[in-house]
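1. Quick one, fold the following:
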Amino acid sequence: MDIEKNKNEDTMKLLISKMKHRMIKIRLGGGTKKIEKLHARGKLTARERVNYLVDKDTEWLEVGAFAGFEMYEEHGGCPAAGVIVALGYVSGRLCIIVANDATVKAGAWFPITGKKNLRAQEIAMENRLPIIYLVDSAGVYLPMQDEIFPDKEHFGRIFRNNAQMSAAGIPQIAAIMGSCVAGGAYLPIMSDESLIVEGSGSIFLAGPYLVKAAIGEDVDQETLGGATTQTEISGICDYKVKDDQECLDTIRGLMDKLGDFDKAGFNREKPAPPKEKPEEIYQLIPYEATRPYDMTEVLKRLVDDSELTYYKKDFGKTIICAYARIDGWSVGIVANNRVVTKSAKGEMQFGGVIYSDSADKAARFIMNCNQKKIPLVFLHDVTGFMVGSRSEHGGIIKDGAKMVNAVANSTVPKFTIVVGNSYGAGNYAMCGKAYDPRLIVAWPTAKIAVMGGSQAAKTLLQIQVASLKAKGQEIAASDEKKLLDQIQNHYDRTTSPYYAAARLWVDAIIDPLETRQWISTGIEMANHSPIERFNVGVIQT
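-> Model (predicted):
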């Protein structure tokens, strides 16, 4: 192995190790003492509930594990946004599972908790997946109620989605396994079926303290809204179960009886591993984001048999378009190439930049995949569209608009992998979060921003220095360097994959070796939802 590959591998492995160590802490939720308290009450933790519920010998994918990362520190933090979202199999059916983590502020909802719950429902609605809610929450986190309660994408949207999913025939099962209070009480009752655990589950619009304050009535929690009350007196819950295990077993039994729904009909053959060694990806991604590399070699370590059928291979070389299979599924791949090449006119083209010819090629390829009902996979390492007089005279805006239009109107499912840089309009054209990928994940090497760190830092520095000079203040060279470092450090932090994952701009940060699993599971979930006919809209030629 040469020195550069060795550096690449060491850097990637260090980044993956850092990610895994952070995940260990996140999986503890509110900490070991809180977990012990739950166990002492005969309850399972949210993660234990998910592990018990999903089919044995299957793996579940966690969506939004880093949601809330390094946020709300002044409130004690909110690991994984206080809710676990899993994509896994229950009685052989692929489902979305949403489990409140009662070890994090008693499962209370922070603003990011609401966003994560809405993301879970969005996945269920887009892909017509059954959704299972494991409810154990104290409701809205009151100190931040103004940021979670009233707006369109806040708490109330959850119940609107409950109603729409019910109307669309998407199965919803809710289990009340702890507190379920106030507005949150509508979620399980707006689901198709509800379960409640004796002794620990309770559901009511107002708890005993609020009832006392509002109408002067003294009533205990069990009498007000415990399992016996809500199954034998009010009848709002459908199943009373003795403990967590019986609750989860009952859900498995209910899922086992579901009928089948229409499929999209995506093509799949017998899966085959890549012929090239997938772990060599670690050696291929540069330890410095500015260095060139051949994305083709990365793709060969992701697709079945390392086999790709290239579309317009020698045209628009800064974007690779190719048909392939991933875990047997037919896919169309759109990937930024980082190799410096020459255009047909003999002009140098920088890797990772989208030029007019590559944008035009990608737009046509995306339309072809829609016509042939082939899911799309985008791999980002893009610094943006080419700028300058030559590009502007050549119509880069028009060609970029073609690509953005094709991505926006695409009806086949799209999956996005942020490998490295994802800057500016390049993020949009390559199906960033705003363009509705069914799943979007990042490698630890990802950076998402309006522009690169050094360019942004220098621009911001010039603005600040000019502002100081306008006030008659001079800045020494040493102070200017210090200010630049401060700006650069802040910008680097806000472009990291953790910053993006904390705010759910990406669904997960993953080891590159997990990429095939995420794409395959994503296409399988998307296959549950028939797609509409593709209509490209208006594209200038």
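2. Could you tell me the model confidence score at residue 453?
-> With respect to pLDDT, residue 453 has a value of 65.
3. Could you do residue 181 as well?
-> pLDDT, residue 181: 83.
4. is it in a bridge, and if so with what?
-> Going by DSSP bridges, residue 181 is paired in beta bridges with residue 204.
5. just checking, it touches residue 208?
-> No. Residue 181 sits out of contact with residue 208 when judged by CB atoms under 8 Å, with a separation of 10.5 Å. C-beta coordinates here come from the backbone N, C-alpha and C atoms, glycine included.
6. so what's the most far-flung residue of the chain relative to its centre up against?
-> Residue distances from the centre of the chain (CA atoms, centre = their mean) peak at residue 472, which lies 47.6 Å from the mean C-alpha position. Contacts for residue 472 (CB atoms under 8 Å, 6 or more residues apart in numbering) come out as none.
7. In contact with residue 423, which residues are there?
-> Residue 423 makes contacts with 382-384, 447-452, as judged by CB under 8 Å, 6+ apart.
8. at 10 Å what do you get?
-> Contacts for residue 423 (CB atoms under 10 Å, 6 or more residues apart in numbering) come out as 352, 380-385, 447-453, 455-456, 495.
9. Okay, and which of those residues map to strands?
-> 380-382, 384-385, 447-449 (DSSP state E).
10. picking up where we left off before, ok but the residue farthest from the centre of the chain is inside a helix, no?
-> No. With DSSP: H, G, I helix; E, B strand; the rest coil as the criterion, residue 472 is coil rather than part of a helix.
11. after the helix or strand bottoming out on mean pLDDT in the chain, next one along is what?
-> Least confident helix or strand of the chain, by mean pLDDT, DSSP states H and E, is helix 389-393 with a mean of 65. Later in the chain than helix 389-393, the nearest helix or strand by DSSP states H and E is helix 396-409.
12. So residue 41 sits against residue 136, correct?
-> No. At 11.1 Å, residue 41 does not count as touching residue 136 under the criterion of CB atoms under 10 Å.
13. shared neighbours, these two?
-> The contact lists of residue 41 and residue 136 share 102, 178, 200, where a contact means CB under 10 Å, 6+ apart.
14. of those residues, closest to residue 284?
-> Closest approach to residue 284 among the shared contacts of residue 41 and residue 136 (CB to CB): residue 102, at 43.0 Å.
15. quick one on the thing from earlier: distance check, the residue farthest from the centre of the chain against residue 65.
-> Per CB to CB, to the nearest Å, residue 472 is found 50 Å from residue 65.
16. With residue 85 instead?
-> Separation of residue 85 from residue 65 (CB to CB) stands at 9 Å.
17. What helix or strand is residue 484 located in?
-> Judged by DSSP H and E, residue 484 forms part of helix 477-494.
18. What residues of that helix count as buried?
-> For helix 477-494, a neighbour-count test (16 or more other CB atoms under 10 Å) marks 483-484, 487-488, 491-492 as buried.
19. now it, how far from the centre of its chain.
-> The chain centre lies 30 Å from the centre of helix 477-494; the measure is CA atoms, centre = their mean, to the nearest Å.
20. for the stretch 51-200 of the chain, what spans make up the strands?
-> Counting by DSSP state E, counting those that start in this stretch, one finds strands in the stretch 51-200 of the chain at the ranges 61-63, 83-90, 93-100, 131-137, 172-181, 193-197.
21. who does the last one touch, helix- and strand-wise?
-> Contact here means 3 or more CB pairs under 10 Å, 6 or more residues apart in numbering; DSSP states H and E; on that basis strand 193-197 packs against strand 131-137, strand 172-181, helix 186-189, strand 202-204, helix 227-228, strand 239-241, helix 244-256.
22. quick revisit: quick one: common contacting residues for residue 85 and residue 65?
-> residue 507.
23. These two: which has the busier surroundings?
-> Using other CB atoms under 10 Å, the more surrounded residue of residue 85 and residue 65 is residue 85, with 26 against 23.
24. wait, residue 275 sits on residue 306?
-> Yes. The criterion here is CB under 10 Å, and residue 275 meets it with residue 306 at 4.2 Å.
25. Pull the contacting residues for residue 353.
-> By CB under 10 Å, 6+ apart, the contact set of residue 353 is 318-319, 336-338, 340, 382-387, 391, 426.
26. Equivalent analysis for residue 219, please.
-> So residue 219 contacts 204, 207-208, 211-212, 225 (CB under 10 Å, 6+ apart).
27. repeat that with 6 Å
-> Residues in contact with residue 219 (CB atoms under 6 Å, 6 or more residues apart in numbering) are 208, 211.
28. How far off centre is the longest helix anywhere in the chain?
-> Longest helix of the chain, by residue count under DSSP state H: helix 3-26. Put simply, helix 3-26 sits 21 Å off its chain's centre (CA atoms, centre = their mean).
29. What residues sit buried inside it?
-> Buried residues in helix 3-26 (16+ other CB under 10 Å): 8-9, 11-12, 15-16, 19, 22, 26.
30. before we move on, back to that, out of the contacts of residue 353, which are buried?
-> Among these, those classed as buried by 16+ other CB under 10 Å are 318-319, 336-338, 382-386, 391, 426.
31. Point out where the stretch 351-500 of the chain drops to low pLDDT.
-> Applying pLDDT under 70 to the stretch 351-500 of the chain picks out residues 387-389, 391-395, 452-454, 456-457.
32. Against residue 133, how distant is residue 95?
-> Distance from residue 95 to residue 133, by CB to CB: 11 Å.
33. The two: who's more crowded?
-> residue 133 (28 against 25).
34. Not including adjacent chain positions, what is the nearest residue to that one?
-> Nearest residue to residue 133 in three dimensions, chain neighbours excluded: residue 174, at 4.2 Å (CB to CB, 6 or more residues apart in numbering).
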